[in-house]
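Asks: Sequence first, predicted model second:
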Amino acid sequence: MRRLISAELVSEHNESKIEGLREEYDALGALLSSRGIDIESVTSQAKEFAVAVPSWGTGTGGTRFARFPGEGEPGNIFEKLEDAAVINQLVTCTPKVSPHFPWDSVEDMKEVRNHADDLGLLFDAVNSNTFQDQPDQKLSYKFGSLSHVDPGVRAQAVEHNLECIEQGKILGSTSITLWVADGSNFPGQSHFQRQLERYLESTKIIYEALPDDWQLFLEHKMFEPAFYSTVVQDWGTSVLCAMELGDRARSLVDLGHHAPNVNIEMIVSRLIQFKKLAGFHFNDSKYGDDDLDSGSINPFQLFLVFNELVDAEQLQRDGFDPAYMLDQSHNVTDPAESLMSSANEVLRAYVKALLIDRKALSHFQEGNDALMANQCLKSAYEVDVTPILKMARYQKEGAIEPITCFRSSMYRANVARTRAQPKVGGGGIV
Ligand code: PSV
Ligand code: MN
């Protein structure tokens with residue numbers, strides 16, 4: 001496996017930090033032991049955790065107003081994979097990349113697979129894009145794609161998804177995520193039922209074309225770019241469609257795709273209960289689909305989501321195997337740094353959820369002790385698990401402090417010398 005940051009640099013970084021880390025780790029170990037928790041077993045679970053990096057997240061995102069690209073950002077899938085490999089080398093919990101087509105299409109996808117192999121990376125769900133028109137495209141998606149009134153447009157959108165599956169097969173993916181921007185901007189513009197029927201008719205063709213070991217992930221989103229209605233606007237419509245399609249169709253939860261204050265952890269619980277949880281697009285938000293860095297605004301919500309996930313994991317719920325992916329737009333930071341920080345925050349939420357005393361929690365729940373049940377959750381949430389995260393990385397030959405190590409490597413400045421100058425201006429991905 002090719003390493004893009006020298007192993008010597010990482011071990012020098014680690015040597016300067018390991019002594020202090022051992023002290024912090026031992027102190028935390030003593031605290032956890034007093035609660036009957038073995039720190040080593042938590043650390044080994046942390047070492048198993050993985051969250052995929054979105055290929056599109058390795059570049060600067062943007063808003064519909066502007067995009068401010070950074071020097072040395074990746075310009076194609078090969079460079080995106082290189083950045084993803086650096087992220088994984090340092091954080092050690094992002095071994096997979098989720099590609100987006102046609103953004104990541106190249107003539108010979110085998111070259112992409114070989115490049116990923118060489119860098120020690122695998123692929124997660126492939127994503128189709130029928131929310132933009134491409135230069136060589138025959139029909140426009142201006143008024144929709146899979147649910148368009150014109151069967152020709154629907155057929156074109158279906159065809160694109162089938163091509164994505166073919167590309168994904170070459171990459172070794174086993175799932176495709178459909179996020180469909182179709183909707184309406186004016187009351188009366190679309191017939192809600194007929195639009196959803198057309199969507200289902202199209203997705204059935206895609207579902208039928210799935211290889212046996214593949215899953216179809218349906219990603220809902222309340223609004224944007226359609227501002228009055230969206231065809232798959234919430235988890236209700238998503239799960240109804242997934243049920244209509246079959247067992248291998250499931251609902252994907254992007255944390256930013258709900259109304260403010262919606263109880264997302266409860267949605268997660270419901271989807272788990274009915275074996276319909278596909279996985280996640282992790283990000284954070286304050287107002288809408290802000291695509292901010294995971295854990296930067298509402299880390300407690302992320303913890304509550306992981307409370308449900310760890311509960312299902314520990315109960316070994318049948319069919320529970322969610323795909324964890326990040327989906328963020330990095331507008332003012334180095335995307336690699338944001339992705340490292342976000343992967344760490346998602347892992348932090350997972351590790352904190354592992355500390356919940358589930359026996360005690362269930363005792364308080366059964367005894368209607370609302371206050372103590374809440375304190376039980378809080379006492380896990382309030383533990384600073386940073387030493388566990390650092391130790392997990394150290395034991396996997398990653399960096400104890402990934403962002404510090406990344407900065408000292410001068411990786412970005414080095415690649416900026418050979419990579420094409422980024423294009424300035426215009427709106428970006430939202
Ligand atoms: C839509 O907002 C979304 O969350 C979907 O996952 C897209 O594939 C992604 O963002 C990229 O724009
Ligand atoms: Mn998403």
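Replies: Structure received. Ligands and ions are numbered 1, 2, ... in the order given.
Asks: Grab the nearest non-local neighbour of the residue of the stretch 301-430 of the chain found nearest ligand 2.
Replies: With CB to the ion as the measure, Asp327 is the residue of the stretch 301-430 of the chain nearest to ligand 2, at 3.8 Å. Every C-beta, even on glycine, is put in place using the N, C-alpha and C of the backbone. In space, and not counting its chain neighbours, Asp327 is closest to His281: 3.4 Å by CB to CB, 6 or more residues apart in numbering.
Asks: How is that neighbour assigned, secondary-structure-wise?
Replies: Using DSSP: H, G, I helix; E, B strand; the rest coil, the structure places His281 in strand.
Asks: Give me the local confidence score for it.
Replies: For His281, the pLDDT comes out at 98.
Asks: In contact with it, which residues?
Replies: Applying CB atoms under 8 Å, 6 or more residues apart in numbering, we find His281 in contact with Pro54, Glu219, Leu252, Val253, Asp254, Leu255, Gly256, His257, Met325, Leu326, Asp327.
Asks: Go back to those and keep what's next to ligand 1.
Replies: Glu219, Asp254, Asp327 (CB under 6 Å from any ligand atom).
Asks: between the residues you listed, which is nearest Thr177?
Replies: Distance to Thr177 across the ones next to ligand 1 among the contacts of His281 (CB to CB) is lowest for Glu219, with 5.6 Å.
Asks: Any idea what that closest one is bridged to?
Replies: Beta-bridge pairing for Glu219 (DSSP bridges): Trp179, Leu252.
Asks: before we move on, the earlier item: could you list which residues are in contact with the residue of the stretch 301-430 of the chain closest to ligand 2?
Replies: By CB under 8 Å, 6+ apart, the residues touching Asp327 are Pro54, Gly57, Asp254, Gly256, His281, Phe282, Asn283, Asp291.
Asks: next one: phi and psi at it?
Replies: Dihedral angles of Asp327 (phi, psi; degrees, to the nearest 10) stand at phi -150, psi 100.
Asks: While we're on it, how confident is the model there?
Replies: On the pLDDT scale, Asp327 gets 98.
Asks: Quick check: the gap between Tyr411 and Ala259.
Replies: Separation of Tyr411 from Ala259 (CB to CB, to the nearest Å): 39 Å.
Asks: Residue ranges in the stretch 301-430 of the chain under the pLDDT threshold?
Replies: Applying pLDDT under 70 to the stretch 301-430 of the chain flags the ranges 424-430.
Asks: which bits of the protein sit near ligand 1?
Replies: Contacts of the chain with ligand 1, taken as CB under 6 Å from any ligand atom, map to Trp56, Asn127, Trp179, Glu219, Lys221, Asp254, His281, Asp289, Asp327, Ile429.
Asks: So which other helices or strands are in contact with the lengthiest helix in the chain?
Replies: Ranked by number of residues, the top helix in the chain under DSSP state H is helix 7-34. If contacts are counted by 3 or more CB pairs under 8 Å, 6 or more residues apart in numbering; DSSP states H and E, helix 7-34 sits against helix 39-48, helix 386-395, helix 402-409.
Asks: Whatever helix or strand comes next after the shortest one: how far from the chain's middle?
Replies: Following helix 402-409 in sequence order, the next helix or strand is helix 411-418 (DSSP states H and E). Centroid displacement of helix 411-418 relative to its chain, using CA atoms, centre = their mean, to the nearest Å, is 26 Å.
Asks: All set, thanks.
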